[in-house]
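Undergrad: Next come a sequence and a model predicted from it.
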Amino acid sequence: MKKFFAIMMAFFLMTIVSACGDEAGENEKKDSQETAATEVKHEEDDHADGPHEPGADDVCAFCNMKVYTEANPMGVFTAQAKMKDGEYVFFDDSGCLVNIPRRDDVEFEEKWVRDYITSEWIDADSAIPVKADLKTPMKYGYAFFKDNESAEKFISENSDKNPAMATWEQIDQIANERYMKKMKMNGDSMDMDMDDKEMDGESEEESGH
């Protein structure tokens, strides 16, 4: 009888220990899941405040042309900005980034371009521009680098592309010249349309007489 009682007690103790172990495992698993969820939320929060990635259907906020993603070779020339109202907009080329304030009443809170070597987003104001014989979406031909060292290395290793250090002021000047030329062309086109309409009206009046 005593032997049977001892066996039952041992079995009872083993059951309790096993249950405690299972509970500890469940608590550990729950803690791990909560930690992972917190880390994901932090990553999402960080991403919300920083640069975003364009989608396949995004277009340039200035010229309405296709914006290339990082996976496309042309994606290295994509730029983006965060507006004062929190909206994110994308540009297919650097010239469009500097031209949009000329056309629209907009203010940027932050703006980014891609590093030509790594394709990582870098602050546009601190980026180092290089003008070269590069095929860019709107034919501006500017690439950007995170620091002078990488820009100078690109220049020294790509003499066939006629690269040269540039500035945002130079980009802005070129973009402005192109914008004013386009505005003039559009204005001349509208004047020609008005002249055609006036001539059509005069012809109708003469026909009526």
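TA: Okay, I see it.

Undergrad: pLDDT below threshold where in this protein?
TA: 1-48, 188-209 (pLDDT under 70).

Undergrad: For it, just list every one of the strands.
TA: All strands of the chain, identified by DSSP state E, fall at 79-83, 88-91, 108-114, 121-123, 128-131, 142-145, 164-165.

Undergrad: Tell me which of the ones you listed is the most buried.
TA: strand 142-145 (a mean of 25; mean count of other Cβ atoms under 10 Å). All C-beta spots, glycine's among them, are computed from the backbone N, C-alpha and C.

Undergrad: name the helices or strands packed onto that one?
TA: For strand 142-145, the elements it packs on are helix 94-103, strand 128-131, helix 148-157, judged by 3 or more Cβ pairs under 8 Å, 6 or more residues apart in numbering; DSSP states H and E.

Undergrad: still on that earlier bit, export the strands of the chain to TSV and tack on distance to Tyr68?
TA: Formatted as TSV, those follow (distance: least, Cβ to Cβ, whole Å):
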stretch	distance to Tyr68
strand 79-83	11
strand 88-91	9
strand 108-114	10
strand 121-123	14
strand 128-131	19
strand 142-145	14
strand 164-165	24
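
Undergrad: closest to Cys60 out of those?
TA: When the strands of the chain are compared by Cβ to Cβ, strand 88-91 sits nearest Cys60, at 5.1 Å.
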